[in-house]
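S.K.: My questions are about this predicted structure, shown below with the sequence.
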Amino acid sequence: MTREKIIELVNSIFIEQFELSQEELTPDKKIFEDLGLDSLDIVDLITGLQRKFKIPLRQNEQIRQIRTLDDIYTLFEKLALENPDIAEKIIN
Amino acid sequence: MIQLKRISLTFFIYLSMLFWTVLYCSVAIWVYLVALFCPKRISGQIMRYVILYYGQTMIHIAIRPFIVAKYEDLAGGDTRAGIYIFNHRSASDPFLMSIFGISAIQLVNGWPMRLPFFGYFARSCEYIDATKIDYESAKAHITSLLKRGVSVMAFPEGTRSDGRVMNHFHSGIFKLAMDTGALIYPCAIVGNEYLPDRKFRFPQGGKIMVRRLKAIENDEIMQCPTAFVLKNKIKDIIQQETAKMDKLIDHENQI
């Protein structure tokens, strides 16, 4: 899966679940300070990411380290490499 | 000279508050003693009224010579219990909750529950410590309060902004509103950003305005996909109202 596709999918969660605009979603944006999410919103974000990418994330330690949108894109690039069937699952 | 005026004003406001607190407590102690012998829920209700009238004594009598607080209800006198959401500019905000004249509790950020005198009363009347309670317990507690006609008041910014900007809202109370089926009253407070200031001084007297806006019904709340969307919706409503009220209060102060 390409980085562009990952960015598109991650951003779609922010647009659908958090009603943020595409313009706000630049990679350098800090999730807490700039976008205004808090720990409870992160639960909704993780749920959305799990649903979109069909990967269990609750036990994932790296998801706790994310600070910016770029961190999420990079994490999912890594997860996509580790789980080559992600793209197929999403399409199906 | 200006400095002396400020110090005097701060001194007289606190002196007046102390005087009225002592006077109020000398009466309220008898009510408190009666409450001690009542079942917990009844004593909680009595204590909420003790706090309510204390706040009203402070606002309408103690600080009145120096600061005037004006309340406007744009919710058409709606008497239903709900969750009141406020912007938070100043330490005087918790006192201003009494201006609504209703039985309510506050969702607080830990430290008010630990205050020596006030903390005891906050605990007695079922205030919620957001730093200690888990989500499910908070949900059960708020559901029970709303069923009994007790409203819940919250400052989702968590800490004072000390100016006319609004900080990000925390989502907790909005998720609770979605899960408990509560309605939300957005409320706006202006004029008190320096009453008192960050160091609890009163640099000037003035006018404070408080407005309760039309309730956001639960079906409208449930149209929001997440608590994040709901909190930003309510924040926008309050922000628009405070902007209007700031202009109004600036205009009145110029006159």
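M.R.: Thanks, I have the structure now.

S.K.: quick one: the helices in the chain?
M.R.: Assuming you mean chain A. A:3-18, A:39-53, A:69-82, A:86-91 (DSSP state H).

S.K.: not what I meant, chain B
M.R.: Under DSSP H, chain B gives helices at B:2-36, B:40-57, B:93-96, B:111-114, B:118-124, B:135-147, B:172-180, B:218-221, B:227-254.

S.K.: Let's have those helices in CSV, adding mean pLDDT.
M.R.: Output for the helices of chain B, formatted as CSV (pLDDT from 0 to 100):
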stretch, mean pLDDT
helix B:2-36, 92
helix B:40-57, 92
helix B:93-96, 88
helix B:111-114, 84
helix B:118-124, 86
helix B:135-147, 93
helix B:172-180, 95
helix B:218-221, 94
helix B:227-254, 93
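
S.K.: Out of those, which is closest to residue B:71?
M.R.: Residue B:71 sits nearest to helix B:93-96 of all those, at 8.6 Å, using CB to CB. Just so you know, the C-beta spots here come from the backbone N, C-alpha and C atoms, and that holds for glycine as well.

S.K.: hmm, back to that, so of the helices of chain B, which one's packed in deepest?
M.R.: Among the helices of chain B, the stretch with the highest mean neighbour count (mean count of other CB atoms under 10 Å in any protein chain shown) is helix B:172-180, at a mean of 23.

S.K.: and that one, what other elements does it pack with?
M.R.: In terms of contacts (3 or more CB pairs under 8 Å, 6 or more residues apart in numbering or on different chains; DSSP states H and E), helix B:172-180 is packed against strand B:83-86, helix B:135-147, helix B:227-254.

S.K.: so which of those comes closest to chain A?
M.R.: helix B:227-254 (4.7 Å; CB to the nearest CB).

S.K.: That closest one versus helix A:3-18: what angle between them?
M.R.: 60 degrees (axes from the mean of the first three to the mean of the last three CA atoms, to 10 degrees).

S.K.: Assess the claim that residue B:153 and residue B:107 are in contact.
M.R.: Yes - Residue B:153 lies in contact with residue B:107 (CB atoms under 8 Å); the separation is 7.0 Å.

S.K.: Tell me the residues of chain A that contact chain B?
M.R.: A:16-19, A:36-38, A:40-41, A:44 (CB under 8 Å from any CB of the partner chain).

S.K.: Select from these the one having the most neighbours.
M.R.: residue A:41 (25 neighbours; other CB atoms under 10 Å in any protein chain shown).

S.K.: re the thing from before, would you mind giving the residues of chain A next to chain B as TSV with pLDDT added?
M.R.: What follows is these, written out as TSV (pLDDT from 0 to 100):
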residue	pLDDT
A:16	92
A:17	92
A:18	93
A:19	92
A:36	91
A:37	91
A:38	90
A:40	86
A:41	91
A:44	90
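
S.K.: What is the burial count for residue A:78?
M.R.: 11.

S.K.: who touches it in this structure?
M.R.: residue A:62 (CB atoms under 8 Å, 6 or more residues apart in numbering or on different chains).

S.K.: Tell me how far it lies from residue B:54.
M.R.: 57 Å (CB to CB, to the nearest Å).

S.K.: Next, give phi and psi for residue A:31.
M.R.: phi -60, psi -40 (degrees, to the nearest 10).
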